[in-house]
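[1] Below are the sequence and a predicted model; questions follow.
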2 protein chains.
Amino acid sequence: MNPHSHHSPTAHDNTASTGTGSGTTPPLQFTPLRTALRHELSPAAVLDSTAEIAPYMEERRNLFPGQGRLVVRPADTAEVVTTVRLCQQHGFCVVPQAGNTGTVGGGSPRSVDEVVLSVERMTALHELDAEEGTLTVAAGMTLAAAQEAAAQAGWYLPLSLPSQAECRIGGNLATNAGGLNVVRYGCARDLTLGLEVVLADGRIWSDLSGLRKDNSRYDLRNLFIGSEGTLGIITAAKLRLFPPPRRRRVALLALPSLEPALPLVRQLQAESGDAVVAAELMSAAALAMGQLLEQTPPTPIAAAPWYLLLELASPDPRADLDSGIAAVLAQAAAAGSILDSQQAADATDIARLWQLRTAIPDGQRYAGASIKQDISVRPSDLAHFLPQALAAVAAYDPAIRPCIFGHVGDGNLHFNLSQPEGADSAAFTAQQPHLNRIIHDLVIQFGGSIAAEHGVGQLRRAELARCADPLSAELMSRIKEALDPCGLFNPGKKLYAP
Amino acid sequence: MNPHSHHSPTAHDNTASTGTGSGTTPPLQFTPLRTALRHELSPAAVLDSTAEIAPYMEERRNLFPGQGRLVVRPADTAEVVTTVRLCQQHGFCVVPQAGNTGTVGGGSPRSVDEVVLSVERMTALHELDAEEGTLTVAAGMTLAAAQEAAAQAGWYLPLSLPSQAECRIGGNLATNAGGLNVVRYGCARDLTLGLEVVLADGRIWSDLSGLRKDNSRYDLRNLFIGSEGTLGIITAAKLRLFPPPRRRRVALLALPSLEPALPLVRQLQAESGDAVVAAELMSAAALAMGQLLEQTPPTPIAAAPWYLLLELASPDPRADLDSGIAAVLAQAAAAGSILDSQQAADATDIARLWQLRTAIPDGQRYAGASIKQDISVRPSDLAHFLPQALAAVAAYDPAIRPCIFGHVGDGNLHFNLSQPEGADSAAFTAQQPHLNRIIHDLVIQFGGSIAAEHGVGQLRRAELARCADPLSAELMSRIKEALDPCGLFNPGKKLYAP
């Protein structure tokens, strides 16, 4: 059971052993639980063979391989309730899993006492309200399927992630996913109008009425969103849709330094009526790493230390995006804030410019081992933070190759470090704790976050316990205790109280 | 003390009597508390004479006159901490108050055991970050002052309320205020990037770093926003600013029925690149009540059962708002969805059209006593809900004069009922419980909210306990217990568990 829990779920649990990882024997209650689950649920719901459960135990970066023995795949919310109740009765914890695409070990069971509850079979489209502009889906629908359902009804779901073919709405909301369009549409929580959640005692909390205004309650919805499955299991969600973009402009800018990046974005936001939907900063080194892939096009504009990829879009078919872009770029060129620029002429061009950005993560693999951060500072602090962070890394080892790119309008960067050329990969990876500490200390000094977009999971707990606000950690623990007093849901994740 | 608290704040409290309203004697600890407050705080901070405390005991509609004996007006956050600690030590509860403009009795002390903590002296502007577009202020700054500070720096704070000259940011956030521009910019919580909160144990929780992305914590910020001072005292906030509108269009539409109202708004949102900043529905009777005021202009367009007042605005100085409006109106006229329309030609015209809407609440007073609701349904349900609600009222008493207006894009209506012409005002007001019940039952049947915009305070607790979701009430109570275990903050407000 959860080492942080103050009570055991039921008296029966006294007989359950505490798993400590691979190699321990299953606890005493394992067979009765499996039997009860098989009896109560549809046959396809319960998996226990090594081969069947293997995909659910995989963890994307293999940092936290799953230690569970049982995977339950409920067909619907009622079966989630049954699973939660039976696990509770038999002394097992529940680890919710959706697309299993997370990068912080948040969906990975840490011991044989933890049952994976996968929502992947819950893919129902409950309602698409074309008048209201809302989409209500079960938690297991993939993001791509939700986007497609919205598009077919003439609407637009702006959440956009590299993993959208595999990740699922329940996971997107449990982690408050970000992505490329946050600068215009916000994170997953901003796109959510309602939830259905199974609580630790098996009751269903429903908030799917789709009201735009309701001040009758505490904001329970936002408490569940981003709680990484530690407070309840999201089983359905009502998402807010937007009119689809009907005009689209993409431009690549070469910048002489970091400083002009944010002011350019802010000015374009103002001049375009808030039409900036993406603003991606890339260092010259990051661009070059993307170009290690054969299919990546060459940089179409002048060489520069930094590049800014901008997309503007509007649902208004008459929107004049060009004049605003032209005015801002002319002014920036006159002021020396940009060295060069190119605007995409057509859809092929748009795809070509975007490829420069999307190729970077794959290209970085060709540069050997890498140490990745998920940090944010205030957007206006980026130009101060980044030189200091790069200097600190260079002081540690000048041969390390930084590969910096990310969402400049959100102050959220992928501050990735590739190993020195020709160095030993394992030796470089072993330096992760030192490099983390150097970068995280600086982030905290700037009032930033070391878990900006991907969440905490297992990966960021120790560093948060070391350097994040202890009062927040305490309040979180008290809320966890209030909503999940037995520590049933996703133990050892998210909460970082020492 | 709070009748819902499970523990008394300290052992000393055993001697404190429980106030039951006016006329009770002050509890034993009153004099020591006053002495301690005077000793620890600046002299201007502590008020106890009847004349001095009178304004803080006034309640806007005189439904919940304050029963307190002591008002503390801290100069800063440190003095809030001192006040909270001393009240806790002496067995008094704390009722936070900001502008005291609320309409549900949320800032009114219910007994002599409750000390009003007014943030009105905390009016500091902590930071205006013109690059970042954020404004950080102490909780006592008025909304109008915050709007003005933003404007002077070339930015725009979209929160807009009739009481903006008096209401204060701390109260706006504690109640998650709505207002006229929610359809484009969201409620107060959507405009907030950070908070500073004094907790029940006197510690300060600070979240003012201004990050746009941070997934390291549960969403504690949104938990405090809208909790009506029951979980902590908001002492400062960082607000999100927007580029100021530089083009503005206002149009009044005459509608043959309710049905076209929402589709017209949604179509204009799509055709204008989300430039609809206000969409106010008014019944013919509501418009006529506003025109009981001498200065209200006559209706400038054809008579109709319903009118829609639309404002579109864009920060883009090149935005072509006219073509979109013209296209939508031409299409609507051809389809018979509008009977007539007029677009304001200049600023005077804009003011004249808006006066038709803003005059309604004052005009309604000339029609005698009124019973007011604060309800919301899904916007697309308005056209189904309203006829049923009006029929239910007519069935109860056909002479009652409904005065319906509000925010059609949010599904949030001021469903106000004026007394029958010539009837006895007191007799009509006495029917409020019956009429509430009729309307609320229908709202709940539609999955709506009976506390959409103004909050719960004392006014809506009984009806929420009767007809709202008991599971939400229970979760709220558990969170209250987790964050304010002694029931120190604002007892008898917001929480509606039976």
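    That came through fine. Residues are numbered from 1 along each chain as shown, chains lettered A, B, ... in the order given.

[2] Distance from the lengthiest helix in chain A to the middle of the chain?
    Taking DSSP state H as the criterion, chain A has its longest helix at helix A:347-365. In terms of CA atoms, centre = their mean, to the nearest Å, the centre of helix A:347-365 is found 20 Å from the chain centre.

[3] as a whole number, average confidence for that helix?
    In this model, helix A:347-365 has a mean pLDDT of 95.

[4] List the buried residues for that helix?
    For helix A:347-365, the neighbour count (16 or more other CB atoms under 10 Å in any protein chain shown) marks A:350, A:352-361, A:363-364 as buried. C-betas here are computed from N, CA, C, even on glycine.

[5] same thing with stretch A:82-91?
    Neighbour-count burial for stretch A:82-91 flags A:Thr82, A:Thr83, A:Val84, A:Arg85, A:Leu86, A:Cys87, A:Gln88, A:Gln89, A:His90, A:Gly91 (criterion: 16+ other CB under 10 Å).

[6] One more: stretch A:329-337?
    A:Leu329, A:Ala332, A:Ser337.

[7] Repeat that for stretch A:278-285.
    Neighbour-count burial for stretch A:278-285 flags A:Ala278, A:Ala279, A:Glu280, A:Leu281, A:Met282, A:Ser283, A:Ala285 (criterion: 16+ other CB under 10 Å).

[8] May I see those residues organised as JSON lines, with pLDDT, secondary structure and distance to chain B added?
    Output for the buried residues of stretch A:278-285, formatted as JSON lines (pLDDT from 0 to 100; DSSP: H, G, I helix; E, B strand; the rest coil; distance: CB to the nearest CB, whole Å):
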{"residue": "A:Ala278", "pLDDT": "97", "secondary structure": "strand", "distance to chain B": "14"}
{"residue": "A:Ala279", "pLDDT": "97", "secondary structure": "strand", "distance to chain B": "12"}
{"residue": "A:Glu280", "pLDDT": "97", "secondary structure": "strand", "distance to chain B": "14"}
{"residue": "A:Leu281", "pLDDT": "97", "secondary structure": "strand", "distance to chain B": "14"}
{"residue": "A:Met282", "pLDDT": "97", "secondary structure": "strand", "distance to chain B": "18"}
{"residue": "A:Ser283", "pLDDT": "97", "secondary structure": "strand", "distance to chain B": "20"}
{"residue": "A:Ala285", "pLDDT": "97", "secondary structure": "helix", "distance to chain B": "23"}
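
[9] List just the nearest of these to B:Ala149.
    Nearest to B:Ala149 out of the buried residues of stretch A:278-285 is A:Ala279 (CB to CB; 26.8 Å).

[10] Now do that closest one against B:Leu239, distance only.
    From A:Ala279 across to B:Leu239, the span is 22 Å (CB to CB, to the nearest Å).

[11] per-residue confidence at the residue lying closest to A:Ala200 once chain neighbours are set aside?
    The shortest distance from A:Ala200 to any non-neighbouring residue, by CB to CB, 6 or more residues apart in numbering or on different chains, is to A:Asp484 (4.1 Å). pLDDT recorded at A:Asp484 is 98.

[12] check contacts around the residue lying farthest from the centre of chain A.
    What lies farthest from the middle of chain A is A:Ala334; by CA atoms, centre = their mean that is 38.8 Å. By CB atoms under 8 Å, 6 or more residues apart in numbering or on different chains, the contact list for A:Ala334 is empty.

[13] what about it, distance to A:Ala327?
    Distance, A:Ala334 to A:Ala327, by CB to CB: 11 Å.

[14] before we move on, what about A:Leu47?
    According to CB to CB, A:Leu47 stands 59 Å off from A:Ala327.

[15] Now do the host helix or strand of A:Ser472: which elements does it pack against?
    Following DSSP states H and E, one finds A:Ser472 within helix A:470-483. Counting contacts by 3 or more CB pairs under 8 Å, 6 or more residues apart in numbering or on different chains; DSSP states H and E, helix A:470-483 packs against strand B:204-206, helix B:220-224, helix B:470-483.

[16] in that helix, what counts as buried?
    Neighbour count says helix A:470-483 has A:Ser472, A:Ala473, A:Leu475, A:Met476, A:Ser477, A:Arg478, A:Ile479, A:Lys480, A:Glu481, A:Ala482, A:Leu483 buried, by 16+ other CB under 10 Å.

[17] Kindly report the same for stretch A:363-382.
    A:363-364, A:367-382.

[18] so which of those are also by chain B?
    For chain B, the contacts drawn from the buried residues of stretch A:363-382 by CB under 8 Å from any CB of the partner chain are A:Ser376, A:Val377, A:Arg378, A:Pro379, A:Ser380.

[19] Now do the contacts for the closest residue to A:Gly178 other than its chain neighbours.
    Distances taken as CB to CB, 6+ apart put A:Glu453 closest to A:Gly178, at 4.2 Å, once the chain neighbours are dropped. Counting by CB under 8 Å, 6+ apart, A:Glu453 touches A:Ala177, A:Gly178, A:Asp374, A:Ser376, A:Asn412, B:Lys213, B:Asn215.

[20] same check, this time on A:Ala359
    A:Gly290, A:Gln291, A:Leu293, A:Gln295, A:Thr296.

[21] Tell me which of these fall in helices.
    Short answer: these in helices (DSSP H) are A:Gly290.

[22] Perfect, that will be all.
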